[in-house]
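*Asks:* Okay, sequence plus prediction incoming.
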Amino acid sequence: QVQMVESGGGSVQSGGSLRLSCLASGFSISSYCMGWFRQAPGKEREGVAAIDSDGSTSYGDSVKGRFTISQDNAKNTLYLQMNSLKPEDTAMYYCATGYGLGPGLCTAVDAWGQGTLVTVSS
């Protein structure tokens with residue numbers, strides 16, 4: 001059974017940092033594209049960052065230079081290090097697995113985590 005559980009969200013002031021984690025089970029993250037998406041209230045879900053099975057990474061324009069995606073295959077865990085956070089980064093963050101690397105996201109997503117909330121205050 002494929003399952004992904006996010007953690008690490010919380011409230012932080014503008015300029016602060018958070019590290020999100022996504023613990024996967026039921027599959028090996030090293031074999032797939034893994035990515036982070038986010039959805040702010042009243043907005044569409046958008047791709048934030050993704051890492052493909054060959055280690056290639058892709059970031060959304062709004063987070064380039066501030067966020068870093070990584071994974072620990074031994075722990076089957078995906079991470080998102082978020083620095084220099086801004087109020088506009090406030091959103092529910094979801095990890096996902098898919099089959100290809102697009103601009104800041106995995107394409108053909110076929111599984112989602114339940115999300116973790118990030119709130120950035122000014």
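*Replies:* That came in fine, so what should we check first?
*Asks:* Below-threshold pLDDT in the chain: ranges please.
*Replies:* In the predicted model, the chain carries no residue with pLDDT under 70.
*Asks:* Centroid-nearest residue for the protein?
*Replies:* Trp36 (2.2 Å; C-alpha atoms, centre = their mean).
*Asks:* Who does it form a beta bridge with?
*Replies:* Beta-bridge partners recorded for Trp36 (DSSP bridges): Ala49, Cys95.
*Asks:* try Thr116
*Replies:* Assigned bridge partners for Thr116, using DSSP bridges, are Tyr93.
*Asks:* Go ahead and confirm it touches Leu20.
*Replies:* Yes. At 6.1 Å, Thr116 counts as touching Leu20 under the criterion of C-beta atoms under 8 Å. Glycine gets a C-beta too; all of them are placed from N, C-alpha and C.
*Asks:* When those two are compared, which one has more neighbours?
*Replies:* Leu20 (24 against 21; other C-beta atoms under 10 Å).
*Asks:* Show me which positions of the helix or strand that contains the more buried one end up buried.
*Replies:* Per DSSP states H and E, Leu20 falls inside strand 18-25. If you call a residue buried by 16 or more other C-beta atoms under 10 Å, then strand 18-25 has these buried ones: Leu18, Leu20, Ser21, Cys22, Leu23, Ala24.
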